[in-house]
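1. next input, structure requested:
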Amino acid sequence: MSTFNLEVVAIDKVFYKGPCEFMVFPGLDGEQGILPGHEVMVAAVKAGELRCKVSETENMVAAVGDGFVEILGDKVVLIADFVEKAEDIDEMRAQRAKERAEERLKAKQSEREFIHSQAALARAMARLKVSSKYKKQKKI
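-> You can find the predicted model right below:
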């Protein structure tokens with residue numbers, strides 16, 4: 001199968017750089033898929049699950065934060081505020097972060113604080129979703 005060059009970058013590191021057969025990322029309008037030769041475009045990425053087939057035998061699943069993706073035909077660059085492999089997610093920490101964000105959302109806040117709390121909740125939910133899916137797949 002043909003591939004494109006994929007670079008997934010978090011704020012603090014290059015998460016993945018190499019070939020990719022296809023990628024599915026969480027966009028504003030739902031999941032978006034990319035195959036080799038995709039039309040050139042730029043799209044927003046929202047917190048959620050990133051799935052990539054990086055070789056015949058290897059799939060990569062990760063939680064991603066808000067960011068954007070640039071598709072240039074044979075090269076795709078995804079930049080997000082965080083990227084974590086499913087197996088590296090600390091589920092208890094994510095659950096505590098979710099609970100803290102929910103509590104902050106209930107409190108009377110400024111508009112800025114409210115937006116930050118919503119973003120924190122979205123990040124925690126993305127981590128929990130990816131971690132939960134990964135654990136279920138490992139048990140099968």
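
2. how is this protein carved up into domains?
-> Here the domain parsing of the chain from automatic domain parsing is 4-86, 87-139.

3. quick check: the nearest residue to residue 3 once chain neighbours are set aside vs residue 132, distance?
-> Take residue 3 and drop its neighbours on the chain: the residue closest to it by Cβ to Cβ, 6 or more residues apart in numbering is residue 19, 4.0 Å away. C-betas here are computed from N, CA, C, even on glycine. Between residue 19 and residue 132 the distance is 28 Å, computed by Cβ to Cβ, to the nearest Å.

4. are we agreed that residue 52 is in a strand?
-> Yes. With DSSP: H, G, I helix; E, B strand; the rest coil as the criterion, residue 52 is located in a strand.

5. surely it and residue 22 touch.
-> Yes. Assessed by Cβ atoms under 8 Å, residue 52 is found in contact with residue 22 at 7.2 Å.

6. and those two? Which one has more around it.
-> Neighbour count, other Cβ atoms under 10 Å: between residue 52 and residue 22, residue 52 has more, with 24 against 18.

7. name the helix or strand for residue 123, please.
-> Assigned by DSSP states H and E, residue 123 falls within helix 111-139.

8. tell me which residues in that helix are buried?
-> For helix 111-139, a neighbour-count test (16 or more other Cβ atoms under 10 Å) marks 117, 119-131, 134 as buried.

9. can you name the two of the residues you listed that sit furthest apart?
-> Spanning the widest gap among these are 117 and 134, at 26.2 Å by Cβ to Cβ.

10. which pLDDT value belongs to residue 108?
-> Residue 108 carries a pLDDT value of 74.
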